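Participant: Would you be able to build a 3D model of this:
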Amino acid sequence: MKKTTASTPSTERTDTTRPLAAAYSGETEATTLDTALRRPVNNGSTLTPEALAAKALATMREPARAVQIETDRAAQRTGAEQPPVSSPMSRSPYYREIGNGPFVLCIHSFSSSSAQYQGLMQRLAPRFRVVAVDLYGHGRSPSWLGERRFTLADEAAPLEALLPDDAPVHLVGHSYGAAVALRIAGANRVRVRSMTLYEPTMWGTLSHLCPSDPATLEIEAVRDETIQLIDEGRVEAATERFIDYWAGSGSWAAVPGERRPRLVAAVRSLRAAWIATFVERWSAAALRSLDTPCLLISGTHTTAAARRAIGLLRDTLPAATLVEFEGLGHLGPITHSARVDAAIDTFLSSPMRSLA
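Facilitator: Numbers count the residues shown, from 1 in each chain. The predicted structure follows:
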């Protein structure tokens, strides 16, 4: 039995430890999130969601120091239902780690980085060992060097190498990172005790199970438009289309010129990410067999495609609970991190999970 919970808290905890993580650049700013959320514009009103997303993209600093993954641990892994995929990297990807206790792996969204999770890491550190990784070509990690087509299995492989054999594993993912988390959970059912997914980009599954749904057609159109623009050499136009789709119309226009090259550089790898998320397909039966406890999180102001995907998981995963935040969009973990982090903390800290 699946439960749907609408969460509209009247107050929001001020999390002064968490700098605002940039949605698409993997950098952070000095101003705290809650301060930014309440900063008035010239006419005295609060910032619109589009303006807030633009601010997240525009005001950023260098990411904090990270440590490297020991990828040779992949050969020592046991318990996975399928072997890890080799990772053709010139060097290991970076990750941040803090705390002790049950293991929590945090996986960021496309064009973000592990910096996205600094606040959540500080919050969970007294009770959990928390690791946040930079995915291929993001933050301080190297790019994918393979010559064949890139897949989510390739993306997941170096992350699976981190999973401990002697401790419960909990996965947290946002957007593209949530799709990677779902992949890891399916391949490591013995060790993964829970997963928290904020609007996973499971487009292949959506296309497979809901081929003519308007939401499916919408995300396929965004994919085709951005890939065509990239192929035409109009990468900045592709960046604008991509960012405005997820962060709201006008978000790209509000990004200062000096910040744009980093975002454009990230979008150059967008084709591979689109293909990876569309090639990955779960059958309804496979989803119904994944009985790992799952917290699904979404915002009421998200896109139709993200809403349809989260609804599909809600209706199919046997142990899923949905928390929907009023007024949040697809970038909710970034623009309203305190609210989202609190929900994740509550879910992970239940006695059944934190002591598992």
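
Participant: For Asp213, give its distance to Ala284.
Facilitator: 14 Å (Cβ to Cβ, to the nearest Å). Heads up, the C-betas are built off the backbone N, CA and C, glycines and all.

Participant: Specify which residue of these two has the higher count of neighbours.
Facilitator: Each of Asp213 and Ala284 has its neighbours counted (other Cβ atoms under 10 Å); Asp213 has more, 16 against 13.

Participant: Which pLDDT value belongs to the more buried one?
Facilitator: For Asp213, the model assigns a pLDDT of 97.

Participant: what about Arg189, which SS state?
Facilitator: coil (DSSP: H, G, I helix; E, B strand; the rest coil).

Participant: go on, His170?
Facilitator: Applying three-state DSSP: His170 is strand.

Participant: is it in a bridge, and if so with what?
Facilitator: Val104, Ser194 (DSSP bridges).

Participant: Low-confidence regions, the stretch 251-356 of the chain specifically.
Facilitator: Counting by pLDDT under 70, the ranges of the stretch 251-356 of the chain that qualify are 351-356.

Participant: For it, just list every one of the strands.
Facilitator: Using DSSP state E, counting those that start in this stretch, the strands of the stretch 251-356 of the chain run over residues 294-299, 320-325.

Participant: contacts for the first one?
Facilitator: The reference is to strand 294-299. 194-199, 306-307, 310, 313-314, 317, 319-330, 332, 340, 343-344, 347 (Cβ atoms under 8 Å, 6 or more residues apart in numbering).

Participant: That one pairs with which strands?
Facilitator: Short version: by DSSP bridges, strand 294-299 pairs with strand 192-198 (parallel), strand 320-325 (parallel).

Participant: before we move on, what SS does Pro164 have?
Facilitator: coil.

Participant: And it, how close does it get to Gly173?
Facilitator: Distance from Pro164 to Gly173, by Cβ to Cβ: 18 Å.

Participant: Trp246 and Ala153: what is the separation?
Facilitator: For Trp246 relative to Ala153 (Cβ to Cβ), the value is 24 Å.

Participant: Could you measure from Gly139 over to Thr346?
Facilitator: Taken as Cβ to Cβ, the span from Gly139 to Thr346 is 28 Å.

Participant: which one of these two has more residues nearby?
Facilitator: Gly139 (23 against 12).

Participant: is it true that that one touches Tyr94?
Facilitator: Yes. Under the criterion of Cβ atoms under 8 Å, Gly139 is in contact with Tyr94, at a separation of 6.2 Å.

Participant: hmm, back to that, compare Trp246 and Ala153 (neighbour count), which wins?
Facilitator: Applying other Cβ under 10 Å to Trp246 and Ala153 shows that Trp246 carries more neighbours, namely 23 against 19.

Participant: Next up, the contacts around that one.
Facilitator: Applying Cβ under 8 Å, 6+ apart, one finds that Trp246 lies in contact with Ala23, Ser175, Thr303, Gly329, His330, Leu331.
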